[in-house]
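Visitor: Need coordinates for the below:
(one chain, ligands or ions: 1)
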Amino acid sequence: MISDAGRAALDRFLATDPADVGCDRTLELLHACAELLVAGENPEQRYPGIAAHLRACVPCSEDLEGLLVAMGSELGER
Ligand SMILES: [Zn+2]
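Guide: Okay, here's the model as predicted:
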């Protein structure tokens, strides 16, 4: 049998993109992604696992938006 907490963890695991690198790695490279966006480049090409994570993780995508706003980019306005 699986506990409720175990089932919730399993659901989260199954909902996660297999390429998703996770919050820690994303936050490490969030600044690099923001710089690519500001430069008009697509960070998904260089960091596909981070792009996958940002689609799945609201807190991290909000952090990226905040970073873009702080860098003065209109991309953060979307
Ligand atoms: Zn995250």
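Visitor: Only C-alpha atoms from now on, for both contacts and neighbour counts.
Guide: Fine.
Visitor: elements contacting the helix or strand bottoming out on mean pLDDT in the chain?
Guide: None of the helices or strands of the chain scores lower by mean pLDDT, DSSP states H and E than helix 4-15, at a mean of 77. If you count contacts as 3 or more CA pairs under 8 Å, 6 or more residues apart in numbering; DSSP states H and E, helix 4-15 packs onto no helix or strand.
Visitor: Nearest to the ion: which residue in this structure?
Guide: With CA to the ion as the measure, residue 23 is the residue of the chain nearest to the ion, at 3.6 Å.
Visitor: show me the contacts for that residue.
Guide: Residues near residue 23 by CA atoms under 8 Å, 6 or more residues apart in numbering: 53, 57, 60.
Visitor: One more pass at 6 Å, please.
Guide: Contacts of residue 23 were listed using CA atoms under 6 Å, 6 or more residues apart in numbering, and none were found.
Visitor: ok, so what distance separates it from residue 39?
Guide: 23 Å (CA to CA, to the nearest Å).
Visitor: Please apply the same query to residue 66.
Guide: For residue 66 relative to residue 39 (CA to CA), the value is 17 Å.
Visitor: who's more crowded, those two?
Guide: Taking neighbours as other CA atoms under 10 Å, residue 66 and residue 39 compare with residue 66 leading, 16 against 10.
Visitor: Can you list phi and psi of the more buried one for me?
Guide: Dihedral angles of residue 66 (phi, psi; degrees, to the nearest 10) stand at phi -60, psi -40.
Visitor: and it, what pLDDT?
Guide: We have a pLDDT of 94 for residue 66.
Visitor: Now do residue 71, the pLDDT please.
Guide: Reported pLDDT for residue 71: 89.
Visitor: what's the neighbour count on it?
Guide: Neighbours around residue 71, by other CA under 10 Å: 15.
Visitor: Could you pull up phi and psi at it?
Guide: Given degrees, to the nearest 10, the pair of backbone angles that residue 71 has is phi -90, psi 0.
Visitor: Go through stretch 53-70 and flag the buried ones.
Guide: 53-54, 56, 60-61, 64-68 (16 or more other CA atoms under 10 Å).
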